[in-house]
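A.B. asks: quick one, fold the following:
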Amino acid sequence: KSKAEAVVMQDYIEVESYGKVFPKKGANNRMPYAHQKGAMENLNIINASRQYSTMIVLPTGGGKTYTMSMWLLKNALDQKKKILWIAHRQMLLDQAAESFQKFAYSEVIPHIPFFQYRIISGASCHDRMIDIHNRQSVDYQQGQCWKRHQRIGHLVKRRKGYFPCH
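C.D. replies: All right, here's what the predicted structure looks like:
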């Protein structure tokens, strides 16, 4: 293998419909761009408010998934809070799950030994609503599943500190 192929293979993550993610040792060598750092700093300010509600707006390719996954790893998962990630496309659910796994370094989440996730959608490669249980730290769900099942609304209301993201 060439050096370039080895780097690509090192960054490739097989995304399953559910699993446990253990933090990687070492440091993340990807540094956020200035606009991503600014968004994370603004999220920190907004998060300190009692009325937490925000939206990240970046152009296509601007790094929304990276920005949010990095911020949520540090500010939600590491503080043992739950995350509900909603997307309108199955591919975006896989992309988010991959991003969380790719950037889960022990320097970012030093207070948890691992986190669990589950991808819920209408795709045969993903799980169903009935598979949700309280042990997951991150639930990635397709918007259609969210609308179809009222159960998830009760799940979010019951869970204190649940961060809905979409």
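A.B. asks: gap between His35 and Leu58?
C.D. replies: 7 Å (C-beta to C-beta, to the nearest Å). Where C-beta positions appear, they are placed from N, C-alpha and C, glycine not excepted.
A.B. asks: all helices of this structure, in order?
C.D. replies: Here the chain has its helices, by DSSP state H, at 3-11, 34-47, 64-75, 90-102, 143-148, 151-158.
A.B. asks: mean pLDDT lowest where, among these?
C.D. replies: Mean pLDDT is lowest for helix 3-11 among the helices of the chain, at a mean of 48.
A.B. asks: thinking again about what came up before, so between His35 and Leu58, which is more surrounded?
C.D. replies: Neighbour count, other C-beta atoms under 10 Å: between His35 and Leu58, Leu58 has more, with 16 against 13.
A.B. asks: these two touch, right, that one and Thr65?
C.D. replies: No: applying C-beta atoms under 8 Å as the test, Leu58 and Thr65 come out as separate, 9.8 Å apart.
A.B. asks: spit out the contact partners of Gly140.
C.D. replies: Quick fix: residue 140 is Tyr, not Gly. Going by C-beta atoms under 8 Å, 6 or more residues apart in numbering, Tyr140 touches 85-87, 93, 96-97, 117-120.
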